[in-house]
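1. predicted model, plus sequence, below.
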Amino acid sequence: MKFTHDQYRVRFKHKIRTTLFFYYFFPVLVAFAVLGFSFYWISQATIERELGLRLQLSSQYVASHVQTFHISALKIFDSQSQTYQSLEKKFQNLIQNEKIQRIYILDADLNLLFDSDPDSVLGQEFSKKILHQRELLSALNGRSADSVMFKKTNNEFYKSSFSPIWSQGNVIGISGVDGSLHFFQNLEGFFRKASLIILFCLLLVALLSFFLSRKILTPVLHLVRGAQEIGEGKFNQSLRIQDQSELGFLAFVLDEMRKKILERDQNMLLMLRGIAHEIRNPLGGMELFAGILGEHVEKDKEKNAVKKIQNEIQNLKKTVDDFTHFAKDQDLDVKDVELAPFFDDIRELFSKDLSTGKIKFRVEIEGVKSAIFDPIQLQRVFLNLIRNSMDAMPEGGKISIHVRRMGGNLNLILGDNGQGMDREQMKQLFQPFYTSKAHGNGLGLALVKKIILAHGGQIEMSSTQGQGTEVSITLPWR
C-alpha cells in the first residue's frame with residue numbers, strides 16, 4: 001500500500017464557493033423557474049376557462065336562434081337556400097363581434113346542416129365527431145360543453161363549444177362554435193420575453209453570487225493558506241485580516257496560536273543551542289584525554305577499550321553537530337550552482353559504499369545545467385536522504401535522482417527500491433527526534449525539511465512497503 005506525506009496540501013472535495021453557489025444560486029433558479037411556469041400555467045388555464053365560457057354563450061346564442069323549421073329547411077343541404085342565407089347573415093355579426101372562427105349546425109345524427117366555413121361539404125357526417133365525442137354526447141343529452149384546447153397544423157390554438165337545439169323538450173340538433181385563441185399566441189410571446197428577462201436576472205444573480213462568494217472567500221482562503229503554512233512549519237507570516245466578523249476573530253486566534261508555536265520553537269532551539277554548547281566543551285576535553293590515553297596503553301584489550309571510547313565520543317560529537325545545525329537559523333548562501341559537478345561531489349562522498357557494487361546509483365539531469373540554491377545546505381539534504389535510502393537497502397538496490405525544470409520550479413526526485421515505510425512512520429516522518437532506526441537522533445529529516453522550507457520550497461514523500469520510497473523536492477526557480 002502506498003502512503004504519502006503531503007497532509008497540509010489538500011485538494012478540497014467540496015469547496016465553499018461551490019457550496020455557496022449551490023445553496024444560493026440554485027434555489028433562486030428553481031424559484032424563478034417555478035414562478036415563471038406557474039404564471040404561464042395559471043394564465044393559460046384562466047384564458048382557456050374564460051374562452052370556454054364565452055364560446056358556450058355564443059353556441060347557446062346560436063342554438064336559441066335555430067327553430068324546428070330551420071332544421072327541416074336545412075336538410076336539403078343547399079347553401080344557396082333562403083333559410084341558409086338568412087342564418088348566415090344573422091350569424092355574421094356574431095362572428096365579427098365575438099371573433100368567432102367558425103359556426104356550424106348539426107342534426108341529431110351529427111350530419112352537417114350549416115357551416116360558416118365555405119369549404120365544408122354539407123350533408124356529411126361531422127368530421128370531428130371522434131375528436132369531440134364527449135362534448136357532442138353531452139350536447140345530445142341537453143347540456144352545453146366546451147372542449148379542451150387544441151393546436152391546428154398552422155400552430156394556431158383553438159377551442160370548441162357545443163349547445164343543444166331544443167324543440168318541444170327534445171334535442172333536435174347541436175350548435176357548435178370554434179374560437180381562436182389569438183391572445184394565447186400573445187401570451188406565448190409574452191412568456192418568451194419573460195423567459196429572456198428571467199434568464200438575464202439569473203445571469204445577474206450568478207454574477208452577484210460569484211462576487212459575493214469571492215468577498216466571503218478572500219479572507220477564508222487567506223486563513224486556509226495560513227493554516228497550511230502553519231502545518232508545514234512556516235510561522236513567520238502573519239494571519240491578521242481586516243475583518244470585524246467571526247472570520248476576523250478566527251484569524252486573530254490562529255495568529256496568536258502561530259505566535260505561541262513560534263515562541264515555543266524559538267525557546268526549544270535556544271535550549272538545543274545551549275545544550276550543544278555545554279556538551280561540546282567537555283567532549284573536546286574527553287577526546288583529547290582519550291587520545292593521550294590511547295598512546296599510553298599497550299595491551300590490545302586496553303587499546304580496543306580506548307577505541308570504543310573514542311568512537312562513542314565521535315557519535316556524541318555528531319549528535320551535538322546535528323543539534324547545532326537544527327537549532328540555528330538557516331541563513332542561506334545561495335549561488336548559481338552547476339548541477340552535474342554538484343551531484344558528482346555527492347557521489348564521491350558515497351564512493352566507499354558504492355564501491356561494493358551492491359547499490360546502483362544514477363543521476364539524470366534533464367534540460368537544465370545550473371540552478372540557484374545553497375550548495376552546502378542542499379548537499380546536507382541529499383547526504384541525509386541517500387544515507388536513509390542505503391539504510392533501507394541492507395541487501396543492496398537502486399537509488400536514482402531525477403532533476404528537471406517544471407514551469408517556475410526546479411524538481412528533484414530521489415527514489416529507491418528499499419523496504420518502504422508504513423502509515424505510522426509516514427505520519428511522523430519529519431517530526432524532530434523521531435526515528436525508526438536502531439541508531440540516530442531523529443533530526444535528519446526534520447533538518448532536511450527545514451532547509452527546503454528555508455529555500456522557499458516543498459518536500460513530499462511517498463512510500464510503498466516492500467517496493468521503496470520516493471522523495472520529491474520542489475525549489476523555486478530563481
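-> Arrived safely, thanks for sending.

2. give the other helices and strands that whichever strand or helix holds residue 32 contacts.
-> Here residue 32 sits within helix 16-64, counting by DSSP states H and E. If you count contacts as 3 or more Cβ pairs under 8 Å, 6 or more residues apart in numbering; DSSP states H and E, helix 16-64 packs onto helix 82-97, strand 100-107, strand 145-146, strand 157-167, strand 170-180, helix 182-231. C-beta coordinates here come from the backbone N, C-alpha and C atoms, glycine included.

3. swap the cut-off to 6 Å and go again
-> strand 145-146, strand 157-167, strand 170-180, helix 182-231 (3 or more Cβ pairs under 6 Å, 6 or more residues apart in numbering; DSSP states H and E).

4. and those as JSON lines, adding distance to residue 33?
-> Below are these laid out as JSON lines (distance: least, Cβ to Cβ, whole Å):
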{"stretch": "strand 145-146", "distance to residue 33": "31"}
{"stretch": "strand 157-167", "distance to residue 33": "23"}
{"stretch": "strand 170-180", "distance to residue 33": "30"}
{"stretch": "helix 182-231", "distance to residue 33": "8"}
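
5. with mean neighbour count and distance to residue 337 added, can I get the ones you listed in TSV?
-> Shown next, in TSV, are the helices and strands packed on helix 16-64 (neighbours: other Cβ atoms under 10 Å; distance: least, Cβ to Cβ, whole Å):
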stretch	mean neighbour count	distance to residue 337
strand 145-146	22	93
strand 157-167	23	82
strand 170-180	22	88
helix 182-231	14	27
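
6. just to revisit the earlier point, gap between the helix holding residue 32 and the chain center?
-> With Cα atoms, centre = their mean, to the nearest Å as the basis, helix 16-64 stands 35 Å off its chain's centre.

7. now the element after it, going C-ward?
-> Past helix 16-64, further along toward the C-terminus, the next helix or strand under DSSP H and E is helix 68-74.

8. so how many other residues sit close to residue 18?
-> Other residues lying near residue 18 total 12 when counted by other Cβ atoms under 10 Å.

9. dihedrals phi and psi, the residue nearest to residue 409 when sequence neighbours are not counted?
-> Nearest non-adjacent residue to residue 409, counting by Cβ to Cβ, 6 or more residues apart in numbering: residue 474, 4.9 Å away. Per-residue torsions, residue 474: phi -120, psi 120 (degrees, to the nearest 10).

10. who does residue 474 form a beta bridge with?
-> residue 411, residue 458 (DSSP bridges).

11. hey, where'd the strands end up in the stretch 301-450 of the chain?
-> Taking DSSP state E, counting those that start in this stretch as the test, the strands found in the stretch 301-450 of the chain are 335-338, 359-366, 370-373, 397-406, 409-416.

12. those strands: which one's closest to residue 384?
-> Closest approach to residue 384 among these is made by strand 409-416 (10.6 Å; Cβ to Cβ).

13. buried residues of that closest one, list them for me.
-> By neighbour count on 16 or more other Cβ atoms under 10 Å, the buried set for strand 409-416 is 410-416.

14. kindly report the same for stretch 391-402.
-> So stretch 391-402, judged by 16+ other Cβ under 10 Å, has buried residues 392-393, 397, 399-402.

15. chain center to it, what's the gap?
-> 40 Å.

16. and the contacts of it?
-> The contact list for stretch 391-402 (Cβ atoms under 6 Å, 6 or more residues apart in numbering) reads 358-364, 389, 413-419.

17. thinking again about what came up before, can you put the buried residues of strand 409-416 in a markdown table and add distance to residue 385?
-> Below are the buried residues of strand 409-416 laid out as a markdown table (distance: Cβ to Cβ, whole Å):
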| residue | distance to residue 385 |
| --- | --- |
| 410 | 16 |
| 411 | 15 |
| 412 | 10 |
| 413 | 11 |
| 414 | 5 |
| 415 | 10 |
| 416 | 9 |
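
18. how many other residues sit next to residue 34?
-> 10.

19. from residue 40, how far out is it?
-> For residue 34, the distance to residue 40 equals 11 Å [Cβ to Cβ, to the nearest Å].

20. what's the answer for residue 96, then?
-> To residue 40, residue 96 is 30 Å away according to Cβ to Cβ.

21. show me which of those two is the more surrounded one.
-> A count of neighbours by other Cβ under 10 Å puts residue 40 above the other of residue 96 and residue 40, at 16 against 9.

22. now that one: how far from residue 351?
-> The gap separating residue 40 from residue 351 is 85 Å, by Cβ to Cβ.

23. among the contacts of stretch 391-402, name the buried ones.
-> Applying 16+ other Cβ under 10 Å to those flags 359, 361, 363, 389, 413-419 as buried.
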